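Q: could you look at this predicted model? Sequence included:
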Amino acid sequence: MEDERRSNSARQNWRKVFAVRKFLSLAKFQSQQPPADLLVGQKYLVGKKIANGAFGQLRLARHTDTNAEFAIKLEPANAKIPMLFLEYRFYKTLGVTKGFPKVHYFGTCGKYIALVMDLLGPNLVYSSFLTGCKTRNDV
């Protein structure tokens, strides 16, 4: 009787472990996939993920007519603290300024809010690492 209870308990534990593993692998797979054929602003096709942020995703986008590449930030439309609009306002206030991306589109698209902008080079921290420059954050 005791052995039966142990084996049932062990089976249940293994089922939980496999369920968690399956969930994690599915979540990882889905986060790497572009939102299914998402067309933003009727011009920009969403592509592979570049990075994840605290408020959303940064992905590559391709203009459907010119085939040019852009960066697109996607934030869930139901976000508790929407931040993408503030970023959009910031870029619009700056206008066309060297070193900052030009905004090409801002609006909702399905269950996302999207901000399409120029695709710039690597970020400053990465650049300083490659060139050996000292920054305030160096240890």
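A: Everything's here; your move.
Q: got the end-to-end distance for stretch 100-112?
A: Stretch 100-112 has an end-to-end distance of 23 Å (Cα to Cα, to the nearest Å).
Q: what sits up against it?
A: 35, 38-41, 43-44, 56, 70-71, 74-78, 84-85, 88, 91-92, 94, 96, 113-120 (Cβ atoms under 8 Å, 6 or more residues apart in numbering). Heads up, the C-betas are built off the backbone N, CA and C, glycines and all.
Q: just stretch 50-68 next, same as before
A: Residues outside stretch 50-68 that contact it (Cβ under 8 Å, 6+ apart): 31, 34, 39-40, 43-49, 69-76, 79, 81, 83-84, 112, 116, 119.
Q: now the residues you listed: which count as buried?
A: 34, 40, 43-46, 70-75, 84, 112, 116 (16 or more other Cβ atoms under 10 Å).
Q: out of those, which are inside helices?
A: Leu84 (DSSP state H).
Q: okay, and which of the buried ones among the contacts of stretch 50-68 map to strands?
A: Val40, Tyr44, Leu45, Val46, Phe70, Ala71, Ile72, Lys73, Leu74, Glu75, Tyr112, Val116 (DSSP state E).
Q: Leu115 reaches Glu87, doesn't it?
A: Yes: Leu115 lies in contact with Glu87 (Cβ atoms under 8 Å); the separation is 6.5 Å.
Q: joint contacts of those two?
A: Joint contacts of Leu115 and Glu87 (Cβ under 8 Å, 6+ apart) are Lys73.
Q: between those two, who's got more neighbours?
A: More crowded of Leu115 and Glu87, by other Cβ atoms under 10 Å: Leu115, with 24 against 16.
Q: so what's that one closest to, chain neighbours aside?
A: The shortest distance from Leu115 to any non-neighbouring residue, by Cβ to Cβ, 6 or more residues apart in numbering, is to Lys73 (4.4 Å).
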